[in-house]
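A.B. asks: Prediction below, plus the sequence it came from.
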Amino acid sequence: MSRQRIPLITELPLVIWLVLVWGALWQDFSAGTLVFGAIIAYVVVNVFYLPPVELTGRFNILWLIPFIGRFLVKLVAASAEVFWLALTRGPRLRNAVVAVELRSHSDFLVTATGHAISLIPGSLVLEVDRSTSTLYLHCLNVTSSEDAEVVRRDVLATEAWLVRIMGTRADLASLRAEEARR
Amino acid sequence: MVQDVIVSVLLIGGALMSLAAGIGLTRFPDLLSRMHAATKPQVLGLLLFLLALAVENGSWVLVPILVLCWIFQLLTSPVSAHMVGRAGYRTRHLQRELLTLDELDDIVAKAADEVDGRAAGDDRARTAGTAGSPAGQDDSPTAGPPDRSEA
């Protein structure tokens, strides 16, 4: 079964990423390694290809840097929280499964958000509903509906950051409109 | 000297995170909360260890591969946690009385009923029965799923 060709521009980010991985693995970023890596990456991408990742065509590095900072701070906070809960609560811990409906319907962004929130507000993605882009999260130490509301707000804030970094133009516009309404 | 202090602080921090994961694994009550302990502190712990390696090594040659290590950890750890969590939730390896709120329960039940009402119901009863009682006294397919009675 043959598939339609993917234009080079769509697979270019993947090829570049593979070349960087190749260079990092050899611990050598000289021209020879990179050229050979590029050939291997091109072959790999074309012979063993996966379904194409639909990027959104936007990438804003100015939002990425503060996001990484926020991510690291929150990661430390989340780890400390798990440590603290393990020490003080342990077996008496109470949790909840919270549904959060995301704004974006792009698979790429839902995946990115799912990854980010698995690590930062202390939640675990149990299930994803693609049709409504709803994430079902297992959250530690949620005892009331206010706590669940805090989790929801936190997840939507993380999604808003990711939309600003690499969301589609439509998502960004609706996010702006939502903020203007507030 | 300063380098040694930084490296030791980072290594001790990383080791503490491993300790946190260990304590969490033994003290948390069910599978899903244990998955939290196995993901978050571990990712931070690995970051601290890799930073310690980078500082100790003192050259830029090692940095790309350390970054790569951490990126792969970042990419794989949520996925593995999701897969274990999803499988655990569906096979009822969780203590439902520990959940204060469950917004997924109805949706999973509805989807299962839509796909195959009777077979799914029997299946659920069986897995819920074995998960609820290790001895398996009420392991009969006729007994309704205990966690569905209040819904």
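C.D. replies: Arrived safely, thanks for sending.
A.B. asks: I'd like to know how far residue A:35 sits from residue A:28.
C.D. replies: Noted for residue A:35: a distance of 12 Å to residue A:28, by Cβ to Cβ, to the nearest Å. Where you see a C-beta, it was placed from the backbone N, CA and C, and this is true even at glycine.
A.B. asks: Look at these two and report which has more neighbours.
C.D. replies: Each of residue A:35 and residue A:28 has its neighbours counted (other Cβ atoms under 10 Å in any protein chain shown); residue A:28 has more, 14 against 11.
A.B. asks: how about that one, secondary structure?
C.D. replies: Here residue A:28 takes the coil state, with states given by DSSP: H, G, I helix; E, B strand; the rest coil.
A.B. asks: Can you pull the poorly scored residue ranges out of chain A?
C.D. replies: A:1-10, A:49-50, A:52-56, A:121-122 (pLDDT under 70).
A.B. asks: can you pull out the strands in it?
C.D. replies: Chain-ordered strands for chain A, with DSSP state E as the definition, fall at A:95-101, A:123-129, A:134-139.
A.B. asks: and the ones you listed, which is most packed in?
C.D. replies: Neighbour counts (mean count of other Cβ atoms under 10 Å in any protein chain shown) averaged over each of the strands of chain A peak at strand A:134-139, with a mean of 25.
A.B. asks: Not counting its own residues, what contacts it?
C.D. replies: Outside of strand A:134-139, the residues that reach it under the criterion Cβ atoms under 8 Å, 6 or more residues apart in numbering or on different chains are A:95-102, A:110, A:113-114, A:117, A:121-129, A:147-148, A:151, A:155, B:32-33, B:35-36, B:85, B:89, B:103-104, B:107.
A.B. asks: Run through chain B and note the low-pLDDT ranges.
C.D. replies: Judged by pLDDT under 70, the stretches of chain B that qualify are B:115-151.
A.B. asks: Swap in 90 and give it another go.
C.D. replies: B:1-3, B:17, B:20-44, B:55-65, B:71, B:73-151 (pLDDT under 90).
A.B. asks: for the residue nearest to the spatial centre of it, what are its contacts?
C.D. replies: Taking Cα atoms, centre = their mean as the criterion, residue B:35 is the residue nearest the geometric centre of chain B, at 1.8 Å. Applying Cβ under 8 Å, 6+ apart, we find residue B:35 in contact with A:124, A:138, B:81, B:84-85, B:88.
A.B. asks: for it, helix, strand, or coil?
C.D. replies: Recorded secondary structure, residue B:35: helix (three-state DSSP).
A.B. asks: Just want the phi and psi numbers for the residue nearest to it when sequence neighbours are not counted.
C.D. replies: With Cβ to Cβ, 6 or more residues apart in numbering or on different chains as the criterion, residue B:35 has its nearest non-adjacent residue at 4.9 Å, and that residue is residue B:81. When read as degrees, to the nearest 10, the backbone of residue B:81 gives phi -60, psi -40.
A.B. asks: For stretch A:141-149, buried residues please.
C.D. replies: A:141-142, A:147-148 (16 or more other Cβ atoms under 10 Å in any protein chain shown).
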